[in-house]
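Chemist: the sequence and its predicted three-dimensional model are supplied below.
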Amino acid sequence: MLEQELKDIWNNSSQTAQISIETKQLTEELNTKINSIQKKIRSRDIREISASVIGILLFGYLLFEIPFPITKVACGLAIAWFVFVIVKFRKSKLQNTKTDFSLTVAEQLSNQKTMMLQQSSLLDSALYWYAIPPFIMNFIFILGLDNPIDYNWTNSVAESLLPLSSNFKIITLIGLALFYAFTFWINKRALNKDVKPTIESIEKMQQQIKNE
């Protein structure tokens, strides 16, 4: 009886040690993957915030330069949207904190899962805040472009480009629709390729730790 109990203890301890080793390896792999995703997120946030600042300056200039009322409304909407984007990605940047290795593995996983869920929500809702609003803004902007002569607007560049034909406006709007559809697809791809699998890995790790 004693011999059997010793064998059971040995077998159980060996299994526990093996699980601990596997957990450590999985944790290291997961941290490496999450650090890679965090770098991508930081680069994206910096890129989007910088582009939004440029957009505010550009549409701010157009707001005062272009005399067409409808186009002015579009410029105002564009500025408001760029401010919203800056706030959105600034919040994302603050949430995307580096892993604190002084915490326990369970706490690290919990923090990582929270961050990934926030990114998942950001990417999953991109159609409603990142694709549709700028398309509507550009739609209004292009439809509002009129003939400079009717407004006594003297601008060599505008006079060489305007007024736009109806066919050109339609083709431009179709092109913009395809562009924003592609933008939405890129966000969905990042969600399904990187974020969701990482969340699943974190949940698997959390369950494995609970079972130890």
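Modeler: Perfect, I can see it now. Computed from a predicted structure; not experimentally measured.

Chemist: and for the most centrally placed residue in the chain, nearest residue in space, chain neighbours not counted?
Modeler: What sits nearest the mean C-alpha location of the chain, by CA atoms, centre = their mean, is residue 123, with 5.0 Å. Among residues not flanking residue 123 along the chain, residue 191 sits closest, at 4.1 Å (CB to CB, 6 or more residues apart in numbering). Quick note: C-beta positions are derived from backbone N, CA and C, even for glycine.

Chemist: which secondary structure state does residue 203 sit in?
Modeler: helix (DSSP: H, G, I helix; E, B strand; the rest coil).

Chemist: that one and residue 112, how far apart?
Modeler: Relative to residue 112, residue 203 is positioned 11 Å away (CB to CB, to the nearest Å).

Chemist: these two - which one has more neighbours?
Modeler: A count of neighbours by other CB atoms under 10 Å puts residue 112 above the other of residue 203 and residue 112, at 24 against 12.

Chemist: which stretches of the chain form helices?
Modeler: Assigned by DSSP state H, the helices in the chain fall at 2-65, 69-95, 105-124, 126, 132-144, 156-161, 166-190, 196-211.

Chemist: dump those into TSV; add mean pLDDT and distance to residue 150 as well.
Modeler: Rendered in TSV, the data for those read as follows (pLDDT from 0 to 100; distance: least, CB to CB, whole Å):
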stretch	mean pLDDT	distance to residue 150
helix 2-65	72	16
helix 69-95	90	12
helix 105-124	84	43
helix 126	91	38
helix 132-144	94	13
helix 156-161	84	12
helix 166-190	92	16
helix 196-211	80	52
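
Chemist: on that earlier part again, quick one: residues contacting the residue nearest to the centre of the chain.
Modeler: By CB atoms under 8 Å, 6 or more residues apart in numbering, the contact set of residue 123 is 187, 188, 190, 191, 195.

Chemist: for residue 178, see how far away the residue nearest to the last one when sequence neighbours are not counted is.
Modeler: For residue 195, the nearest residue in space outside its immediate sequence neighbours is residue 120; the separation is 5.0 Å by CB to CB, 6+ apart. Here residue 120 is placed at a distance of 26 Å from residue 178 (CB to CB).
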